[in-house]
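1. sequence and computational prediction follow.
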Amino acid sequence: MAAERVVVDECRGVLFVYSDGAVERRAAPGFATPVRDDGSVEWKDAVFDAARGLGVRLYRPRERGGGRLPVFFYYHGGGFCIGSRTWPNCQNYCLRLAAELGAVVVAPDYRLAPEHRLPAAFEDAENALLWLASQARPGGDTWVAEAADFGRVFVSGDSAGGTIAHHLAVRFGSASGAPRAGRPRAFPATSSSCPFFGALKPNAVGGGFPGRTRS
């Protein structure tokens, strides 16, 4: 007689892992959050990795004046297992960032575990940055190119996204990763809110949540 198929792990009503190894996902988060869009920021979606079906949501203030705006990447959290650029909590945060910072905000998706284990998320995050760099060349997305200052690019994220921001800074800042065509030369800054650096035993780095953003 076959063993009964049961849920062995679940995360926020979105991710279910079964005893036979199957994984089920639900598109909508298990919490209701209204989108707070007052119209001061315009946004759109684009695809940065068609082969993997990965998209990015782009935001920019409607009133921009005559100058170009800094670019602020935001990588969502979710323990590398859940989350999306389309979730209302992510969209609300990005709308606020674009409005208050006066920046082009870029919110990419990335492949999630357990179906796609690390370093898949780091690779996707790097590809999103390289996609942005390609928009500065002829034939790039004019919606981005006409507003973005490609010389001022910042990376940020919360929780798992904060860890992604850290890894991106290490990758792009290392000598071994420097000489590739189209690669951003440097990051002016990184911002990680509650980054997760896991360890088998609690330690000073991964043992708790900081009271403020680390930069």
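-> Everything's here; your move.

2. partners of the residue nearest to the spatial centre of the chain in the sheet?
-> When the chain is reduced to its mean C-alpha position, the closest residue under C-alpha atoms, centre = their mean turns out to be residue 75, at 2.0 Å. Beta bridges link residue 75 to residue 157 when assigned by DSSP bridges.

3. do residue 69 as well
-> residue 148.

4. could you chop the chain up by domain?
-> Following automatic domain parsing, the chain resolves into domains at 1-32, 33-193.

5. for these, could you give me JSON lines that also reports mean pLDDT?
-> As requested, the domains of the chain are exported to JSON lines (pLDDT from 0 to 100):
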{"stretch": "domain 1-32", "mean pLDDT": "86"}
{"stretch": "domain 33-193", "mean pLDDT": "89"}
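
6. which SS state does residue 106 fall under?
-> Put simply, residue 106 is strand when judged by DSSP: H, G, I helix; E, B strand; the rest coil.

7. where's the residue nearest to the centre of the chain relative to residue 134, distance?
-> Computed as C-beta to C-beta, to the nearest Å, the residue 75 to residue 134 distance reads 19 Å. Every residue, glycine included, has its C-beta placed from N, CA and C.

8. same check on residue 26?
-> Distance from residue 26 to residue 134, by C-beta to C-beta: 33 Å.

9. repeat for residue 48
-> From residue 48 over to residue 134 the distance is 9 Å, taken as C-beta to C-beta.

10. between the two, who's got more neighbours?
-> The residue with more neighbours, out of residue 48 and residue 134 and counting by other C-beta atoms under 10 Å, is residue 48; that gives 20 against 13.

11. thinking again about what came up before, and the residue nearest to the centre of the chain, what does it touch?
-> Remark: with contacts taken as C-beta atoms under 8 Å, 6 or more residues apart in numbering, residue 75 is in contact with 107, 108, 110, 125, 155, 156, 157, 160, 161, 162, 164, 165.

12. format those as JSON lines; extra columns: neighbour count and distance to residue 95.
-> What follows is the contacts of residue 75, written out as JSON lines (neighbours: other C-beta atoms under 10 Å; distance: C-beta to C-beta, whole Å):
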{"residue": "107", "neighbour count": "29", "distance to residue 95": "10"}
{"residue": "108", "neighbour count": "26", "distance to residue 95": "16"}
{"residue": "110", "neighbour count": "27", "distance to residue 95": "21"}
{"residue": "125", "neighbour count": "25", "distance to residue 95": "21"}
{"residue": "155", "neighbour count": "29", "distance to residue 95": "19"}
{"residue": "156", "neighbour count": "22", "distance to residue 95": "15"}
{"residue": "157", "neighbour count": "26", "distance to residue 95": "17"}
{"residue": "160", "neighbour count": "25", "distance to residue 95": "21"}
{"residue": "161", "neighbour count": "30", "distance to residue 95": "17"}
{"residue": "162", "neighbour count": "25", "distance to residue 95": "20"}
{"residue": "164", "neighbour count": "32", "distance to residue 95": "21"}
{"residue": "165", "neighbour count": "27", "distance to residue 95": "20"}
